[in-house]
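Trainee: My questions concern the predicted model and sequence given below.
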Amino acid sequence: MSAMRVGIIGTGTMGGVHAAAWQAIGAELAGFSSSNPAQTEAFAQRYQTRAFVSYPELLNRVDIVDVCTPTAFHKPMVLAAAKAGKHVICEKPIALTVEDAQAMIDACRGVRFFVGLVLRFFPQYRSAKELVTAGRIGKPAVLRLKRVSYVPQKTPEDWYFKDEVSGGMVIDLMIHDFDYVRWLAGEVERVYALKTSPAAGLEQYVQAILRMRNGAIALIEGGWANPPGVFRTALDLSGTDGLIEWSSDQPSPLLTLVPPKPGETAAVGLPISGLMDDPYTAELRHAYQCIQSGAPFEISAEDALEALRISLAVKKSLESGKSVKVG
Amino acid sequence: MRIGILSIAHLHAEGYQANLKSIPGVDLVGFSHEDSEESRSFAEKFKLPWFATHQELLAQGLEGVVICAENARHCELVELAAAARCQILCEKPIETSLAKAETMKTACEKNGVRFMTTFPMRFATPTQALRATIREDKLGKVFGVNGINHSENPSGHRAWFANQALAGGGAAMDHIVHLADLLRWCFATEIVEVYAEIDNLFRPGELDVDTAGLLLVRLANGVQASIDCSWSRPSWYPRWGHLKMEVIGERGAAVMDSFAQHLTVYSKTGSRNPDWVGFGPDPNQPMIQEFVDSIREQREPSVTWNDGYQALRVVLAAYESAQRKEPVKLDH
């Protein structure tokens, strides 16, 4: 089968990560488009491909559109791609509101639409899910997920810090574990969450308790709270018959104890160090192969919508101080 | 100094008897316990005199007692010990209701005896180092704490832990108090709000108490914290469980695993495989030492009745929140 042409809209952190993955997969990386011409040009040079001057121009030259823009722009990009009859791969979170997400799903009825909930492609999370499905812990009871990173090393004006553009840390970061818990234990009944931030500064720390419809309970911990460069993740899945534990603290094959030099900290934490297989490549390879073969995706766009619904319920609990029913 | 152990219902009696014996000048007179089979095996294993009733042991002229009874029998034994003018070290949780806890306080005051709650984690070197880190302001403004006190289901060793009438509850009654106390102690403040999801998720239909619980609490100083009190470790976990606190603040994070100092042992024999065998200091020893010192020096022990009482209030608020499905406020 001949390689399909992929165009990436958006030249931020994920645009670069995805570009490297597409080249590893063997897709034809047709080029980039973004609102920043200089950055588009730089990405085009780095990945030896084209810089499109506009999104419509990109749409004319590709089979698949890979949406890596800030979250608030997902909807117009996806709608335009679907209208042009292009398959769409969209970074998570799918959108910032349930209505927008539903409109995107509806618009993509005639094309393939994949949302990149990449955590499901991390080998330890995937393996843990397989063990849970195989009944190795019995009935899931208390599920603990950690995802505490540092404040994105960006200027305070950056889109990450604008709630109306990124949805904030709860939607941007914690959505991974909301989706994962739902993958493990099904739908969520209610949520309750607490958040603490300093009087000044962009740090924040959130803990959410989820009660699942099947009775299981989950603690999801998320934050932009660690010192720059420190990103800790963990899972602890206990059930009636057993337990699965993993933590990013566990000794890695190579322990580096050199403190980072100023400016050496990656702008946005990605929990991929020490892994054999890059989960982003695994994720995009899956989507690419399904588009080529016509097979269904492992993750539906509705899954992405439900993960958003949980995130929004957590935000609502933070605002109201009350437990919030989901759905 | 003559000390006795009132009841060996709680497994910790095994450790405490060794702690007491190792302190110079302490004469461990014996233990009292109703169950003759358990008593004979304990007496034989630890070479200790057994008294079939608590009154007989209390008639031996004791200066202090360690109460290791079932949670809901603490009040009864505290009243007996106080009437015998014995200084008291009482297992946690101090009782199963606020009314009974208050009765204990009155009995102690009326008889002029002091009351210490067993919170051994205050005497563990990792928690002390964590507290110093917080109090020296090394983390800056603290955002929150992720507290974990997991264990296996203790009713596998002693059935009363899963008996509502004797234990007053399950995992929540058993475990919340440790982290509630450590939060109060580390931050020198009170817990003012509690939300909890509590259920019997691990042994439904088999036990009549809760086995799983997650709490989110607020401290008066604005810090938020989670407490996982679940009996979520299977009996084939490499250790009974663990106590962990992760504190995250403006300037950094502190990650404490108080029993991290362990060997991993793979053995053909033994109930656990692998088995995490600890090599860190035993926190019970300095706790028992503090009890003995407080008697010698005729002073309040460093852990008081109020510490046990405030921790119990958090437990009861957690049960109330789990019922109401909303956060419950605690007045101070």
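Mentor: Received, thanks.
Trainee: Tell me which residues of stretch B:36-47 come out buried.
Mentor: Of the residues in stretch B:36-47, those with enough neighbours to count as buried (16 or more other Cβ atoms under 10 Å in any protein chain shown) are B:39, B:42, B:43, B:46. C-betas here are computed from N, CA, C, even on glycine.
Trainee: what does stretch B:101-120 give?
Mentor: Taking 16+ other Cβ under 10 Å as the neighbour-count basis, stretch B:101-120 is seen to contain the buried residues B:101, B:103-105, B:107-108, B:113-120.
Trainee: that older thread, which member of the buried residues of stretch B:36-47 is positioned nearest chain A?
Mentor: Proximity of these to chain A (Cβ to the nearest Cβ) peaks at residue B:42, which lies at 31.4 Å.
Trainee: Give the rounded mean pLDDT of the helix or strand harbouring the closest one.
Mentor: In this assignment (DSSP states H and E), residue B:42 forms part of helix B:36-46. Throughout helix B:36-46, pLDDT has a mean value of 97.
Trainee: Could you do stretch A:245-259 as well?
Mentor: Over the span of stretch A:245-259, the pLDDT mean works out to 65.
Trainee: Residue A:83 contacts residue A:109, doesn't it?
Mentor: No: under the criterion of Cβ atoms under 8 Å, residue A:83 is not in contact with residue A:109, lying 11.9 Å apart.
Trainee: Of the two, which one has the most company?
Mentor: residue A:83 (12 against 8; other Cβ atoms under 10 Å in any protein chain shown).
Trainee: so how far is chain B from the more buried one?
Mentor: The gap separating residue A:83 from chain B is 44 Å, by Cβ to the nearest Cβ, to the nearest Å.
Trainee: which ones are touching that residue?
Mentor: Going by Cβ atoms under 8 Å, 6 or more residues apart in numbering or on different chains, residue A:83 touches residue A:107.
Trainee: next one: the one 3 residues further on
Mentor: Residue A:86 sits next to A:59, A:62, A:63, A:64, A:65, A:111 when contact means Cβ under 8 Å, 6+ apart.
Trainee: What is the burial count for the first one?
Mentor: This points to residue A:59. By the measure other Cβ under 10 Å, the count of residues near residue A:59 is 20.
Trainee: correct me, but it touches residue A:82?
Mentor: No: if you go by Cβ under 8 Å, residue A:59 and residue A:82 don't touch, sitting 10.4 Å apart.
Trainee: Please name every helix or strand in contact with the one helix or strand residue A:292 maps to.
Mentor: The secondary structure element spanning residue A:292 is helix A:279-293 (assigned by DSSP H and E). With contacts defined as 3 or more Cβ pairs under 8 Å, 6 or more residues apart in numbering or on different chains; DSSP states H and E, the packing partners of helix A:279-293 are helix A:13-25, strand A:64-67, strand A:87-91, strand A:113-116.
Trainee: if we can go back for a sec, mind picking the two most distant members of the buried residues of stretch B:36-47?
Mentor: Farthest apart among the buried residues of stretch B:36-47 by Cβ to Cβ are B:39 and B:46. That separation is 11.0 Å.
Trainee: Please enumerate the helices of the chain.
Mentor: In the absence of a named chain, chain A is used. Secondary structure of chain A (DSSP state H): helices at A:13-25, A:37-46, A:55-60, A:74-83, A:98-107, A:123-133, A:163-166, A:168-172, A:175-185, A:279-293, A:301-320.
Trainee: ah, I was thinking of chain B
Mentor: Secondary structure of chain B (DSSP H): helices at B:12-21, B:36-46, B:54-58, B:74-83, B:98-111, B:125-135, B:164-167, B:171-187, B:284-296, B:305-324.
Trainee: Would you mind putting the CA coordinates of the fifth one into CSV?
Mentor: In this case it means helix B:98-111. The C-alpha coordinates for helix B:98-111 follow below in CSV (Å, rounded to 0.1, in the frame of the first residue of the first chain):
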residue,chain,number,x,y,z
LEU,B,98,-16.8,10.6,70.7
ALA,B,99,-19.0,9.9,73.7
LYS,B,100,-16.9,7.0,74.8
ALA,B,101,-13.7,8.9,74.1
GLU,B,102,-15.0,11.7,76.3
THR,B,103,-15.9,9.2,79.1
MET,B,104,-12.2,8.0,79.0
LYS,B,105,-11.0,11.6,79.4
THR,B,106,-13.2,12.2,82.4
ALA,B,107,-12.1,8.9,84.0
CYS,B,108,-8.4,9.9,83.6
GLU,B,109,-8.9,13.4,84.9
LYS,B,110,-11.0,12.2,87.9
ASN,B,111,-8.2,9.8,88.9
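Trainee: give me the low-pLDDT residue ranges for the chain?
Mentor: Chain wasn't specified; assuming chain A. Counting by pLDDT under 70, the low-confidence segments of chain A come to A:251-265, A:270-277.
Trainee: actually chain B
Mentor: Per-residue confidence for chain B (pLDDT under 70) gives these ranges: B:269-270.
Trainee: Report the separation between the residue of it most remote from its centre and residue B:275.
Mentor: Note on chain B: the largest C-alpha distance from the chain mean falls to residue B:268, namely 32.5 Å (Cα atoms, centre = their mean). In this structure, residue B:268 and residue B:275 are 11 Å apart, going by Cβ to Cβ, to the nearest Å.
Trainee: cool, residue A:108 as well?
Mentor: With distances defined as Cβ to Cβ, the gap from residue A:108 to residue B:275 amounts to 54 Å.
Trainee: ok, residue A:133 - how many residues close by?
Mentor: By the measure other Cβ under 10 Å, the count of residues near residue A:133 is 10.
Trainee: Can you list the buried residues in stretch A:83-93?
Mentor: Residues of stretch A:83-93 classed as buried: A:84, A:86, A:87, A:88, A:89, A:90, A:91, A:92, A:93 (neighbour count, 16+ other Cβ under 10 Å).
Trainee: between the residues you listed, which is closest to chain B?
Mentor: Once Cβ to the nearest Cβ is applied, the member of the buried residues of stretch A:83-93 that ends up nearest chain B is residue A:93, at 23.0 Å.
Trainee: Let me see the contact set for the nearest residue to residue A:39 once chain neighbours are set aside.
Mentor: With Cβ to Cβ, 6 or more residues apart in numbering or on different chains as the measure, residue A:11 is the residue that lies nearest to residue A:39, at 4.5 Å, once sequence neighbours are left out. By Cβ under 8 Å, 6+ apart, the contact list for residue A:11 reads A:32, A:34, A:36, A:39, A:40, A:42, A:43, A:68.
Trainee: who are the neighbours in contact with the second one?
Mentor: Neighbour list for residue A:34: A:9, A:10, A:11, A:15, A:40, A:43, A:69 [criterion: Cβ under 8 Å, 6+ apart].
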